[in-house]
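Undergrad: Below are the sequence and a predicted model for it; my questions follow.
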Amino acid sequence: MTLHSQARRLDVAAGCPHARNAALLSRGAVTPVVMPGGVEGIAVLGHHALKTLLAHPDVAKDPRHFTALREGRVPDGWPLTTFATVPGMNTADGADHRRLRTLVGKAFTPRRVAALRPRIAAAVDRLLDELERAARTGDGVADLRAHFAMPLPVSVVCHLLGVDAAHAARLRHLSNQVVSTHLAPAQVRAANDGMAALLADLAAARAADPGDDLASALLVARDEDGDRLSPDELIGAMMLLVVAGHETTLDLITNAVRALCAHRGQLALVQAGDASWSDVVEETLRWDSPVSYFPFRYATRDLALEGAVIPAGAPVLAGYSAAGRDAAAHGPDADRFDVLRDDKRHLSFGHGAHFCLGAPLARLEAALALRALFTRFPDLDLAIREEDLERHPGFVGNSVRELPVRLEEAAMPRTS
(Lines give C-alpha, C1' and ligand atoms only; values in the text may rest on other atoms or scores of the structure.)
Protein backbone atom coordinates (compact mmCIF):
# COMPACT_ATOMS: atom_id res chain seq x y z
CA MET A 1 0.00 0.00 0.00
CA THR A 2 1.22 3.51 -0.77
CA LEU A 3 -0.02 6.83 0.51
CA HIS A 4 -2.00 7.60 -2.66
CA SER A 5 -3.69 4.23 -3.11
CA GLN A 6 -7.39 4.21 -2.21
CA ALA A 7 -7.15 7.05 0.33
CA ARG A 8 -10.42 7.60 2.24
CA ARG A 9 -11.53 11.16 2.98
CA LEU A 10 -12.07 11.89 6.67
CA ASP A 11 -15.48 13.57 6.76
CA VAL A 12 -15.55 15.89 9.78
CA ALA A 13 -19.34 16.23 9.43
CA ALA A 14 -19.99 12.49 9.47
CA GLY A 15 -22.20 10.84 12.07
CA CYS A 16 -21.09 8.17 14.53
CA PRO A 17 -17.29 8.09 14.61
CA HIS A 18 -17.31 4.40 15.54
CA ALA A 19 -19.07 3.51 12.30
CA ARG A 20 -16.46 5.56 10.43
CA ASN A 21 -13.69 3.85 12.40
CA ALA A 22 -15.09 0.40 11.66
CA ALA A 23 -15.27 1.18 7.94
CA LEU A 24 -11.65 2.36 7.95
CA LEU A 25 -10.45 -0.52 10.11
CA SER A 26 -12.06 -2.99 7.72
CA ARG A 27 -9.54 -1.75 5.14
CA GLY A 28 -6.63 -2.52 7.44
CA ALA A 29 -4.97 -1.46 10.68
CA VAL A 30 -3.02 1.14 8.70
CA THR A 31 -4.84 3.02 5.96
CA PRO A 32 -4.34 6.15 3.80
CA VAL A 33 -6.68 9.08 4.42
CA VAL A 34 -7.32 12.57 3.10
CA MET A 35 -7.70 15.25 5.77
CA PRO A 36 -9.37 18.68 5.47
CA GLY A 37 -7.61 20.89 2.97
CA GLY A 38 -6.83 17.89 0.78
CA VAL A 39 -3.76 16.99 2.85
CA GLU A 40 -2.99 13.29 2.50
CA GLY A 41 -1.85 11.19 5.42
CA ILE A 42 -2.05 7.83 7.14
CA ALA A 43 -4.37 6.70 9.94
CA VAL A 44 -3.15 3.94 12.25
CA LEU A 45 -6.27 2.29 13.66
CA GLY A 46 -5.42 -1.14 15.03
CA HIS A 47 -4.41 -1.45 18.69
CA HIS A 48 -1.25 -3.46 18.06
CA ALA A 49 -0.19 -1.33 15.09
CA LEU A 50 -0.78 1.88 17.05
CA LYS A 51 1.17 0.65 20.07
CA THR A 52 4.08 -0.20 17.78
CA LEU A 53 3.90 3.19 16.06
CA LEU A 54 3.81 5.18 19.31
CA ALA A 55 7.08 3.69 20.54
CA HIS A 56 8.88 3.07 17.22
CA PRO A 57 12.42 4.50 17.04
CA ASP A 58 11.91 5.54 13.40
CA VAL A 59 8.79 7.60 14.11
CA ALA A 60 9.16 11.28 15.01
CA LYS A 61 7.01 14.24 16.06
CA ASP A 62 9.23 17.11 14.89
CA PRO A 63 7.43 18.88 11.98
CA ARG A 64 10.67 19.15 10.00
CA HIS A 65 9.87 15.55 9.02
CA PHE A 66 6.47 16.60 7.58
CA THR A 67 7.32 16.62 3.87
CA ALA A 68 4.27 18.48 2.56
CA LEU A 69 4.60 21.19 5.21
CA ARG A 70 8.32 21.59 4.57
CA GLU A 71 7.72 21.88 0.82
CA GLY A 72 4.93 24.46 1.20
CA ARG A 73 2.15 22.15 0.03
CA VAL A 74 -0.03 22.59 3.14
CA PRO A 75 -2.74 25.29 2.72
CA ASP A 76 -2.32 28.54 4.62
CA GLY A 77 -4.53 28.52 7.72
CA TRP A 78 -4.87 24.75 7.68
CA PRO A 79 -6.95 23.81 10.76
CA LEU A 80 -4.39 21.26 11.97
CA THR A 81 -1.41 23.64 11.78
CA THR A 82 -1.28 24.11 15.55
CA PHE A 83 -0.91 20.40 16.19
CA ALA A 84 1.95 20.24 13.70
CA THR A 85 3.91 23.33 14.63
CA VAL A 86 3.41 24.58 18.19
CA PRO A 87 6.80 24.42 19.97
CA GLY A 88 6.91 22.07 22.92
CA MET A 89 6.79 18.47 24.05
CA ASN A 90 4.20 17.50 21.46
CA THR A 91 6.51 18.40 18.55
CA ALA A 92 9.89 17.43 20.00
CA ASP A 93 11.93 14.23 19.80
CA GLY A 94 14.83 12.55 21.54
CA ALA A 95 17.00 14.60 23.86
CA ASP A 96 15.00 17.77 23.18
CA HIS A 97 11.78 16.04 24.18
CA ARG A 98 13.39 14.56 27.31
CA ARG A 99 14.63 18.03 28.32
CA LEU A 100 11.19 19.60 27.89
CA ARG A 101 9.41 16.74 29.63
CA THR A 102 11.84 16.94 32.54
CA LEU A 103 11.30 20.68 32.91
CA VAL A 104 7.50 20.41 32.77
CA GLY A 105 7.58 17.37 35.06
CA LYS A 106 9.48 19.35 37.70
CA ALA A 107 6.54 21.76 37.83
CA PHE A 108 3.64 19.39 37.13
CA THR A 109 4.43 16.95 39.95
CA PRO A 110 2.35 14.06 41.35
CA ARG A 111 2.26 15.98 44.62
CA ARG A 112 0.74 19.00 42.88
CA VAL A 113 -1.91 16.78 41.26
CA ALA A 114 -2.73 14.97 44.53
CA ALA A 115 -3.11 18.30 46.32
CA LEU A 116 -5.88 19.22 43.88
CA ARG A 117 -8.29 16.54 45.18
CA PRO A 118 -10.11 18.76 47.76
CA ARG A 119 -10.39 21.61 45.25
CA ILE A 120 -11.77 19.28 42.58
CA ALA A 121 -14.28 17.81 45.04
CA ALA A 122 -15.42 21.29 46.06
CA ALA A 123 -15.76 22.35 42.42
CA VAL A 124 -17.79 19.23 41.67
CA ASP A 125 -20.23 19.98 44.49
CA ARG A 126 -20.61 23.59 43.38
CA LEU A 127 -21.23 22.57 39.77
CA LEU A 128 -23.79 19.96 40.79
CA ASP A 129 -25.70 22.75 42.53
CA GLU A 130 -25.55 24.75 39.30
CA LEU A 131 -26.67 21.75 37.26
CA GLU A 132 -29.66 21.29 39.55
CA ARG A 133 -30.59 24.96 39.27
CA ALA A 134 -30.35 24.75 35.48
CA ALA A 135 -32.67 21.72 35.47
CA ARG A 136 -35.24 23.52 37.63
CA THR A 137 -35.42 26.36 35.14
CA GLY A 138 -35.44 24.04 32.11
CA ASP A 139 -38.50 21.86 32.73
CA GLY A 140 -36.32 19.33 34.51
CA VAL A 141 -33.74 19.17 31.69
CA ALA A 142 -30.21 20.59 31.77
CA ASP A 143 -27.18 20.35 29.48
CA LEU A 144 -24.73 18.35 31.57
CA ARG A 145 -21.89 19.12 29.21
CA ALA A 146 -22.31 22.88 29.51
CA HIS A 147 -23.12 23.03 33.22
CA PHE A 148 -20.87 20.30 34.61
CA ALA A 149 -18.47 18.43 32.30
CA MET A 150 -17.07 21.58 30.68
CA PRO A 151 -16.61 24.01 33.60
CA LEU A 152 -14.98 21.40 35.87
CA PRO A 153 -11.73 20.86 33.92
CA VAL A 154 -11.65 24.52 32.94
CA SER A 155 -11.72 25.55 36.60
CA VAL A 156 -8.98 23.04 37.43
CA VAL A 157 -6.74 24.19 34.56
CA CYS A 158 -7.28 27.85 35.45
CA HIS A 159 -6.38 27.16 39.07
CA LEU A 160 -3.31 25.18 38.03
CA LEU A 161 -2.00 27.94 35.78
CA GLY A 162 -3.08 30.84 37.95
CA VAL A 163 -5.52 32.17 35.36
CA ASP A 164 -7.91 34.80 36.69
CA ALA A 165 -11.52 33.59 36.68
CA ALA A 166 -12.43 36.53 34.46
CA HIS A 167 -10.36 34.99 31.63
CA ALA A 168 -11.71 31.44 32.00
CA ALA A 169 -14.43 31.83 29.37
CA ARG A 170 -12.01 33.20 26.78
CA LEU A 171 -9.50 30.45 27.52
CA ARG A 172 -12.22 27.84 27.08
CA HIS A 173 -13.41 29.40 23.81
CA LEU A 174 -9.90 29.56 22.36
CA SER A 175 -9.13 26.01 23.44
CA ASN A 176 -12.25 24.76 21.66
CA GLN A 177 -11.24 26.57 18.48
CA VAL A 178 -7.61 25.46 18.55
CA VAL A 179 -8.62 21.78 18.44
CA SER A 180 -11.34 22.24 15.82
CA THR A 181 -10.71 20.75 12.38
CA HIS A 182 -13.47 22.52 10.47
CA LEU A 183 -12.69 26.23 10.87
CA ALA A 184 -11.90 28.67 8.08
CA PRO A 185 -8.24 29.76 7.75
CA ALA A 186 -8.87 33.20 9.25
CA GLN A 187 -10.51 31.60 12.30
CA VAL A 188 -7.60 29.21 12.72
CA ARG A 189 -5.06 32.04 12.68
CA ALA A 190 -7.15 34.15 15.06
CA ALA A 191 -7.55 31.27 17.54
CA ASN A 192 -3.83 30.44 17.54
CA ASP A 193 -2.81 34.07 17.86
CA GLY A 194 -5.38 34.69 20.58
CA MET A 195 -4.30 31.70 22.64
CA ALA A 196 -0.61 32.59 22.33
CA ALA A 197 -1.29 36.21 23.33
CA LEU A 198 -3.41 35.22 26.34
CA LEU A 199 -0.79 32.76 27.58
CA ALA A 200 2.03 35.27 26.98
CA ASP A 201 0.15 37.80 29.12
CA LEU A 202 -0.30 35.15 31.81
CA ALA A 203 3.43 34.31 31.75
CA ALA A 204 4.33 37.99 32.05
CA ALA A 205 1.94 38.43 34.98
CA ARG A 206 3.37 35.41 36.79
CA ALA A 207 6.93 36.55 36.12
CA ALA A 208 6.12 39.91 37.70
CA ASP A 209 4.16 38.39 40.59
CA PRO A 210 4.94 34.66 41.08
CA GLY A 211 2.46 32.50 42.92
CA ASP A 212 1.93 28.91 43.97
CA ASP A 213 0.74 27.86 40.53
CA LEU A 214 1.98 25.81 37.61
CA ALA A 215 2.76 28.79 35.38
CA SER A 216 5.04 30.24 38.05
CA ALA A 217 6.68 26.85 38.57
CA LEU A 218 7.27 26.46 34.82
CA LEU A 219 8.98 29.85 34.72
CA VAL A 220 11.61 28.81 37.26
CA ALA A 221 11.97 25.10 36.46
CA ARG A 222 15.54 24.10 35.51
CA ASP A 223 17.04 20.82 34.36
CA GLU A 224 20.32 19.33 35.58
CA ASP A 225 22.26 21.58 33.20
CA GLY A 226 20.53 24.69 34.48
CA ASP A 227 18.45 25.17 31.32
CA ARG A 228 15.01 26.73 31.47
CA LEU A 229 12.09 26.84 29.07
CA SER A 230 12.45 29.43 26.33
CA PRO A 231 9.54 31.89 25.91
CA ASP A 232 8.17 29.89 22.95
CA GLU A 233 8.60 26.60 24.82
CA LEU A 234 6.82 28.06 27.85
CA ILE A 235 3.83 29.13 25.72
CA GLY A 236 3.82 25.73 24.01
CA ALA A 237 3.87 23.89 27.33
CA MET A 238 1.00 25.97 28.71
CA MET A 239 -1.02 25.56 25.51
CA LEU A 240 -0.59 21.79 25.66
CA LEU A 241 -1.67 21.76 29.30
CA VAL A 242 -4.73 23.88 28.54
CA VAL A 243 -5.90 21.83 25.56
CA ALA A 244 -5.05 18.40 26.97
CA GLY A 245 -6.26 19.29 30.46
CA HIS A 246 -9.55 20.75 29.28
CA GLU A 247 -10.79 19.17 26.07
CA THR A 248 -9.96 15.53 26.77
CA THR A 249 -11.30 15.54 30.34
CA LEU A 250 -14.49 17.28 29.20
CA ASP A 251 -15.09 14.60 26.58
CA LEU A 252 -14.10 11.78 28.95
CA ILE A 253 -16.71 12.84 31.52
CA THR A 254 -19.35 13.41 28.83
CA ASN A 255 -18.73 10.02 27.21
CA ALA A 256 -18.75 8.19 30.55
CA VAL A 257 -22.14 9.68 31.49
CA ARG A 258 -23.54 8.73 28.07
CA ALA A 259 -22.22 5.19 28.46
CA LEU A 260 -23.72 4.72 31.93
CA CYS A 261 -27.08 6.15 30.90
CA ALA A 262 -27.20 3.75 27.97
CA HIS A 263 -26.09 0.78 30.09
CA ARG A 264 -27.99 0.98 33.37
CA GLY A 265 -26.98 -2.54 34.32
CA GLN A 266 -23.35 -1.43 34.28
CA LEU A 267 -24.21 1.61 36.40
CA ALA A 268 -25.99 -0.68 38.87
CA LEU A 269 -22.80 -2.74 39.26
CA VAL A 270 -20.87 0.37 40.25
CA GLN A 271 -23.58 1.64 42.57
CA ALA A 272 -23.67 -1.78 44.28
CA GLY A 273 -19.91 -1.71 44.80
CA ASP A 274 -19.22 -4.58 42.39
CA ALA A 275 -17.15 -2.27 40.17
CA SER A 276 -15.32 0.99 40.86
CA TRP A 277 -15.55 4.44 39.34
CA SER A 278 -12.01 3.88 38.14
CA ASP A 279 -13.34 0.86 36.24
CA VAL A 280 -15.85 3.16 34.56
CA VAL A 281 -13.14 5.66 33.63
CA GLU A 282 -10.83 3.03 32.14
CA GLU A 283 -13.58 1.26 30.21
CA THR A 284 -14.80 4.62 28.84
CA LEU A 285 -11.27 5.46 27.74
CA ARG A 286 -11.18 2.17 25.85
CA TRP A 287 -14.76 2.01 24.55
CA ASP A 288 -15.30 5.68 23.68
CA SER A 289 -11.94 7.44 23.79
CA PRO A 290 -12.19 11.23 24.10
CA VAL A 291 -9.73 11.46 21.19
CA SER A 292 -10.52 9.99 17.79
CA TYR A 293 -7.44 10.82 15.71
CA PHE A 294 -4.52 12.68 17.25
CA PRO A 295 -2.09 14.56 14.96
CA PHE A 296 0.84 13.99 14.14
CA ARG A 297 3.70 11.57 13.85
CA TYR A 298 6.02 11.04 10.88
CA ALA A 299 8.01 8.01 9.78
CA THR A 300 11.61 9.08 9.23
CA ARG A 301 11.94 6.35 6.59
CA ASP A 302 9.47 4.24 4.65
CA LEU A 303 8.07 2.07 7.42
CA ALA A 304 6.38 -1.31 7.00
CA LEU A 305 3.60 -1.83 9.52
CA GLU A 306 0.84 -4.44 9.53
CA GLY A 307 1.23 -5.18 5.83
CA ALA A 308 1.16 -1.51 4.82
CA VAL A 309 3.88 1.05 4.12
CA ILE A 310 3.92 4.42 5.84
CA PRO A 311 5.90 6.69 3.51
CA ALA A 312 8.64 8.77 5.07
CA GLY A 313 7.38 12.27 5.82
CA ALA A 314 3.65 11.50 5.61
CA PRO A 315 1.58 12.90 8.51
CA VAL A 316 0.26 10.04 10.64
CA LEU A 317 -2.90 10.19 12.75
CA ALA A 318 -3.05 8.07 15.90
CA GLY A 319 -6.51 6.46 15.82
CA TYR A 320 -7.20 6.08 19.54
CA SER A 321 -10.97 5.55 19.38
CA ALA A 322 -10.64 2.95 16.62
CA ALA A 323 -7.91 1.09 18.51
CA GLY A 324 -10.13 0.96 21.58
CA ARG A 325 -12.70 -1.17 19.74
CA ASP A 326 -10.27 -3.27 17.72
CA ALA A 327 -11.53 -6.85 18.00
CA ALA A 328 -8.04 -8.17 17.26
CA ALA A 329 -6.93 -6.77 20.62
CA HIS A 330 -10.11 -6.68 22.69
CA GLY A 331 -11.95 -9.75 21.47
CA PRO A 332 -15.23 -10.29 19.64
CA ASP A 333 -17.12 -8.20 22.22
CA ALA A 334 -14.89 -5.13 21.74
CA ASP A 335 -17.99 -3.05 20.93
CA ARG A 336 -19.57 -3.88 24.31
CA PHE A 337 -19.27 -1.49 27.26
CA ASP A 338 -18.30 -3.68 30.23
CA VAL A 339 -16.95 -2.18 33.46
CA LEU A 340 -16.05 -5.69 34.67
CA ARG A 341 -13.91 -6.42 31.62
CA ASP A 342 -10.75 -8.17 32.78
CA ASP A 343 -8.50 -6.44 30.26
CA LYS A 344 -9.28 -2.74 29.95
CA ARG A 345 -5.96 -1.85 28.32
CA HIS A 346 -6.15 1.12 26.01
CA LEU A 347 -3.92 3.69 24.37
CA SER A 348 -6.04 6.78 25.01
CA PHE A 349 -3.23 8.46 26.94
CA GLY A 350 -0.64 7.38 24.40
CA HIS A 351 2.28 5.03 24.86
CA GLY A 352 6.03 5.34 25.09
CA ALA A 353 8.02 8.53 25.54
CA HIS A 354 5.02 10.79 24.80
CA PHE A 355 2.62 9.16 27.29
CA CYS A 356 0.35 11.91 28.61
CA LEU A 357 1.74 13.68 31.68
CA GLY A 358 -1.78 14.74 32.62
CA ALA A 359 -3.23 11.21 32.77
CA PRO A 360 -3.34 11.04 36.61
CA LEU A 361 -5.18 14.38 36.77
CA ALA A 362 -7.72 13.38 34.10
CA ARG A 363 -8.40 10.09 35.87
CA LEU A 364 -8.80 11.85 39.22
CA GLU A 365 -11.19 14.50 37.87
CA ALA A 366 -13.34 12.00 36.01
CA ALA A 367 -13.63 9.52 38.89
CA LEU A 368 -14.53 12.22 41.42
CA ALA A 369 -17.03 13.82 39.03
CA LEU A 370 -18.82 10.58 38.14
CA ARG A 371 -19.01 9.34 41.72
CA ALA A 372 -20.52 12.59 42.98
CA LEU A 373 -22.88 12.96 40.02
CA PHE A 374 -24.49 9.54 40.27
CA THR A 375 -24.47 9.56 44.06
CA ARG A 376 -26.47 12.77 44.12
CA PHE A 377 -28.62 11.91 41.08
CA PRO A 378 -28.78 8.09 40.88
CA ASP A 379 -31.67 8.20 38.38
CA LEU A 380 -30.02 10.70 36.05
CA ASP A 381 -30.77 9.79 32.44
CA LEU A 382 -30.63 11.23 28.94
CA ALA A 383 -33.47 13.54 28.01
CA ILE A 384 -33.27 12.56 24.33
CA ARG A 385 -32.26 9.37 22.56
CA GLU A 386 -28.54 8.69 22.25
CA GLU A 387 -28.83 8.50 18.46
CA ASP A 388 -30.36 12.01 18.40
CA LEU A 389 -27.38 13.62 20.13
CA GLU A 390 -25.45 15.85 17.74
CA ARG A 391 -21.82 14.84 17.36
CA HIS A 392 -19.11 17.45 17.85
CA PRO A 393 -17.67 18.36 14.45
CA GLY A 394 -14.12 17.40 13.62
CA PHE A 395 -12.17 14.21 14.03
CA VAL A 396 -9.70 15.01 16.82
CA GLY A 397 -12.11 15.25 19.74
CA ASN A 398 -14.74 12.54 20.12
CA SER A 399 -17.97 13.47 21.86
CA VAL A 400 -21.27 15.31 21.43
CA ARG A 401 -22.12 19.03 21.31
CA GLU A 402 -24.65 18.90 24.15
CA LEU A 403 -25.80 16.34 26.70
CA PRO A 404 -29.38 17.12 27.83
CA VAL A 405 -30.26 15.08 30.91
CA ARG A 406 -33.04 14.68 33.44
CA LEU A 407 -31.75 14.50 36.98
CA GLU A 408 -34.61 12.76 38.75
CA GLU A 409 -36.67 10.55 36.46
CA ALA A 410 -35.71 8.00 33.85
CA ALA A 411 -36.53 9.50 30.50
CA MET A 412 -35.40 7.06 27.83
CA PRO A 413 -35.54 3.31 27.12
CA ARG A 414 -32.67 1.47 28.78
CA THR A 415 -30.45 -1.44 27.88
CA SER A 416 -28.38 -3.67 30.10
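TA: Thanks, I have the structure now.

Undergrad: All the strands of the stretch 1-150 of the chain, residue numbers only.
TA: 8-9, 30-34, 40-44, 59-60, 141-143 (DSSP state E, counting those that start in this stretch).

Undergrad: now, of these, which is deepest in the fold?
TA: Neighbour counts (mean count of other C-beta atoms under 10 Å) averaged over each of the strands of the stretch 1-150 of the chain peak at strand 40-44, with a mean of 25. Using the backbone N, CA and C atoms, a C-beta is placed for each residue, glycine as well.

Undergrad: So which residues make contact with that one?
TA: Strand 40-44 is contacted from outside by 3-4, 7, 10, 24, 29-35, 50, 53, 68, 293, 296, 305, 308, 310-311, 314-319, 322, using C-beta atoms under 8 Å, 6 or more residues apart in numbering.

Undergrad: Make a markdown table from the strands of the stretch 1-150 of the chain and add distance to residue 343 and mean pLDDT to it.
TA: Listed next are the strands of the stretch 1-150 of the chain as a markdown table, based on distance: least, C-beta to C-beta, whole Å; pLDDT from 0 to 100:
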| stretch | distance to residue 343 | mean pLDDT |
| --- | --- | --- |
| strand 8-9 | 30 | 83 |
| strand 30-34 | 23 | 95 |
| strand 40-44 | 21 | 96 |
| strand 59-60 | 25 | 98 |
| strand 141-143 | 34 | 97 |
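
Undergrad: which one of those strands lies closest to residue 80?
TA: strand 40-44 (9.4 Å; C-beta to C-beta).

Undergrad: Quick one: mean pLDDT over the lengthiest strand in the chain.
TA: Ranked by residue count, the top strand of the chain under DSSP state E comes out as strand 293-299. Mean pLDDT, strand 293-299: 95.

Undergrad: Outside of it itself, list whatever touches it.
TA: By C-beta under 8 Å, 6+ apart, the residues outside strand 293-299 that reach it are 10, 41, 43, 53-54, 56, 58-63, 65-66, 80, 83-84, 310-321, 395-396.

Undergrad: of those residues, buried ones?
TA: The neighbour-count test (16 or more other C-beta atoms under 10 Å) marks 10, 41, 43, 53-54, 56, 59-63, 65-66, 80, 83-84, 310-311, 313-321, 395-396 as buried among those.

Undergrad: any idea how far residue 131 lies from residue 192?
TA: For residue 131, the distance to residue 192 (C-beta to C-beta, to the nearest Å) stands at 32 Å.

Undergrad: Same question for residue 324.
TA: For residue 324 relative to residue 192 (C-beta to C-beta), the value is 29 Å.

Undergrad: Those two: which has the busier surroundings?
TA: residue 324 (28 against 19; other C-beta atoms under 10 Å).

Undergrad: For the more buried one, which non-adjacent residue is closest in space?
TA: Closest residue in space to residue 324, ignoring its immediate chain neighbours: residue 286 at 4.5 Å, by C-beta to C-beta, 6 or more residues apart in numbering.
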